[in-house]
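[1] Pasting the sequence and the predicted model now:
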Amino acid sequence: EPEVTQTPSHQVTQMGQEVILRCVPISNHLYFYWYRQILGQKVEFLVSFYNNEISEKSEIFDDQFSVERPDGSNFTLKIRSTKLEDSAMYFCASGAFLQETQYFGPGTRLLVL
Amino acid sequence: QKEVEQNSGPLSVPEGAIASLNCTYSDRGSQSFFWYRQYSGKSPELIMSIYSNGDKEDGRFTAQLNKASQYVSLLIRDSQPSDSATYLCAVNDGTASKLTFGTGTRLQVTL
């Protein structure tokens, strides 16, 4: 069964460093998402992406964040200058249709020191 | 601010019993509703989706939606210890692509 994959599974970085989180969505899906979950808190929406552009972003998704689909399979989230409060689990999700099921990847646990 | 509310639990049920999980949402324009299961340290895994009023059954799981009351629930019949997890209610409104999640209800199935 096709699934969303994410790399790396864990990332430790120093405050101020740039990180890139990578995702491979399910191959025939058109809608791509990033969410994050701070330890002990709810899953929060960051950004959605369709037709090679951002369709929606949350207040969390400020100028430090960017997304890209560099080729036909990868979908990346870049954090330019990480802060301590960026420490969280970051989930990529994809969906075939708008407002229907989103399938989540296993996540990348980001720790900013 | 669109809200999705769940009782954080823990909800403790004995093995073989029915577990009932509830969720309310604030945006009356919401169109799509989802239940995800999340084990500790893992990602959300889809259990059920429901789009119209009424009940939807899939194996041991039944989702119930009442848009007039802005209420969605999940019933788990014949609960098993492996059902012990946090159950997340997620809502997609009619205009946006994002999911808004509740805080989740932690379910414990005891032997």
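    That came through, no problem.
[2] which residue packs closest to B:Tyr51, ignoring adjacent ones?
    Excluding the flanking residues, the one nearest B:Tyr51 by Cβ to Cβ, 6 or more residues apart in numbering or on different chains is B:Ser32, at 5.5 Å. (Glycine included, C-beta is placed from N, CA and C.)
[3] My guess is the one you found contacts A:Phe97. True?
    No: B:Ser32 lies out of contact with A:Phe97 (Cβ atoms under 8 Å); the separation is 9.9 Å.
[4] neighbour-wise, which of these two wins?
    B:Ser32 (19 against 10; other Cβ atoms under 10 Å in any protein chain shown).
[5] ok, what's across the strand from the more buried one?
    B:Asn92 (DSSP bridges).
[6] Would you enumerate the residues in contact with it?
    Counting by Cβ atoms under 8 Å, 6 or more residues apart in numbering or on different chains, B:Ser32 touches A:Gln99, A:Glu100, B:Ser49, B:Tyr51, B:Val91, B:Asn92.
[7] Tell me the one of those residues nearest B:Gly9?
    B:Val91 (19.1 Å; Cβ to Cβ).
[8] re the thing from before, per-residue pLDDT, the residue nearest to B:Tyr51?
    Model confidence at B:Ser32, given as pLDDT, is 93.
[9] Return the residues of chain A in contact with chain B.
    Taking Cβ under 8 Å from any Cβ of the partner chain as the criterion, chain A approaches chain B at residues A:31, A:33, A:35, A:41-45, A:48, A:50, A:55-56, A:58, A:89, A:91, A:98-107.
[10] Can I have the buried ones of those residues as a PyMOL selection?
    Here is the PyMOL command that selects the buried residues among those (16 or more other Cβ atoms under 10 Å in any protein chain shown):
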select buried, chain A and resi 31+33+35+42+43+44+45+48+55+56+58+89+91+99+101+102+103+104+105+106+107
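[11] what stretches of chain B score poorly on pLDDT?
    For chain B, applying pLDDT under 70 flags the ranges B:94-96.
[12] ok, and the closest non-adjacent residue to the residue at the greatest distance from the centre of it?
    Relative to the mean C-alpha coordinate of chain B, counting by Cα atoms, centre = their mean, the farthest residue is B:Leu111 (22.8 Å). Using Cβ to Cβ, 6+ apart and skipping the chain neighbours, the partner closest in space to B:Leu111 is B:Glu15 (5.6 Å).
[13] do the same with A:Ser9
    In space, and not counting its chain neighbours, A:Ser9 is closest to A:Thr108: 6.4 Å by Cβ to Cβ, 6+ apart.
[14] For residue 75, grab phi and psi.
    Went with chain A since none was named. For A:Phe75, the backbone dihedrals (degrees, to the nearest 10) come out as phi -140, psi 120.
[15] list the contacts for it?
    Neighbours of A:Phe75 in contact, by Cβ under 8 Å, 6+ apart: A:Arg22, A:Cys23, A:Val24, A:Pro25, A:Phe32, A:Phe49, A:Val67, A:Glu68, A:Arg69, A:Cys92, A:Ser94.
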